[in-house]
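*Asks:* next one to model:
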Amino acid sequence: MNRLQAIVILLWRFASAMLLSAWTTSVTILIASNAPRRGFARLGYADLSQPGVILLAAMVTLTPGTSTVDIDIERRELLLHVLDSEDIETTLSEIAQKFLFPIRVLIGGQS
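*Replies:* Below is the predicted model of the structure:
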């Protein structure tokens, strides 16, 4: 994958994640009979460069239902607040799958 492909894929995945997350968050807040179980989770970002980490943190925060609370440089993790922590492993896996690889191709790893 080259950088142009990474940009296109990242923009497409981010736009679709925003729409799907906005819908899911709206349904959870407005229609769900029981309140979601909010919580915190850590997402490792391995060898992502500092600009890549900042981009990842911003994309996670801009996607409804998740917010970046802290970037732990020493542990190489993002601390995330999630609206619904019922299936946190799936949420973290989707974030990593959709965003980490294209960001790594676009911006690069740690040098």
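
*Asks:* distance-wise, check the residue lying closest to residue 42 once chain neighbours are set aside relative to residue 21.
*Replies:* Nearest residue to residue 42, sequence neighbours excluded (C-beta to C-beta, 6 or more residues apart in numbering): residue 77, at 4.5 Å. In this view, the C-beta of every residue, glycine as well, is placed from N, C-alpha and C. Per C-beta to C-beta, to the nearest Å, residue 77 is found 21 Å from residue 21.

*Asks:* over to residue 46?
*Replies:* 24 Å.

*Asks:* okay, the two: which has more neighbours?
*Replies:* residue 21 (18 against 11; other C-beta atoms under 10 Å).

*Asks:* pretty sure residue 75 is in a helix, no?
*Replies:* No. Counting by DSSP: H, G, I helix; E, B strand; the rest coil, residue 75 is not part of a helix but coil.

*Asks:* OK, contacts around it?
*Replies:* Each residue near residue 75 by C-beta atoms under 8 Å, 6 or more residues apart in numbering is listed here: 42, 44.

*Asks:* try 10 Å this time
*Replies:* Counting by C-beta atoms under 10 Å, 6 or more residues apart in numbering, residue 75 makes contact with 42, 44-45.

*Asks:* select from the residues you listed the one having the most neighbours.
*Replies:* So for the contacts of residue 75 (other C-beta under 10 Å), the most neighbours sit at residue 45, 23 neighbours.

*Asks:* residues touching that one, list them.
*Replies:* 52-53, 56-57, 71-72, 75-78, 96, 99-100, 103-104, 109-110.

*Asks:* separation between residue 14 and residue 55?
*Replies:* Counting by C-beta to C-beta, the gap from residue 14 to residue 55 is 10 Å.

*Asks:* of the contacts of residue 45, keep whichever come out buried.
*Replies:* Listed as buried from the contacts of residue 45 are 52-53, 56-57, 71, 77-78, 99-100, 103-104; burial here means 16 or more other C-beta atoms under 10 Å.
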